[in-house]
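J.: This is a predicted model, with the sequence first.
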Amino acid sequence: MPDSHGLKFLYRLLETYYTLYIEEEISEEEYLVYIKPIDKAISIIELSTLQDSPAQKESFLSQLPKLEN
């Protein structure tokens, strides 16, 4: 199971960069550069938590065309 503490840390890091951006300590361009790898890491962790979960299977199955008898 992925480390939930690591995920919380990444979310706090995103919030920190967002605050710096809102307070105009960094530019929008800098903000986007800083958050891109963080956002990608969060996505990987979140997707790995769904692996083999009923929610993921349900989502996948709903995309398949239904067979008619």
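T.: Nice, thanks for sending it over.
J.: which residues are contacting the helix or strand where residue 8 lies?
T.: Using DSSP states H and E, the element containing residue 8 is helix 4-22. If you take CB atoms under 8 Å, 6 or more residues apart in numbering as the criterion, helix 4-22 is touched by 26-28, 30-31, 34-35, 38-39, 41-42, 45-46. To be clear about C-beta, it is placed using only N, CA and C from the backbone, and glycine gets the same treatment.
J.: ok and the longest helix belonging to the chain relative to helix 4-22, angle-wise?
T.: Longest helix in the chain by number of residues (criterion: DSSP state H): helix 28-50. If you take axes from the mean of the first three to the mean of the last three CA atoms, to 10 degrees, helix 28-50 sits at 160 degrees to helix 4-22.
J.: What residues sit buried inside helix 28-50?
T.: 31, 34, 35, 38, 42 (16 or more other CB atoms under 10 Å).
J.: For residue 4, see how far away the closest residue to residue 17 other than its chain neighbours is.
T.: What sits nearest to residue 17 in space, not counting adjacent residues and going by CB to CB, 6 or more residues apart in numbering, is residue 34, at 5.0 Å. Counting by CB to CB, to the nearest Å, the gap from residue 34 to residue 4 is 23 Å.
J.: coming back round to it: if you average the pLDDT over the longest helix of the chain, what comes out?
T.: Helix 28-50 carries an average pLDDT of 92.
J.: which other helices and strands contact it?
T.: Secondary-structure packing of helix 28-50 (3 or more CB pairs under 8 Å, 6 or more residues apart in numbering; DSSP states H and E): helix 4-22.
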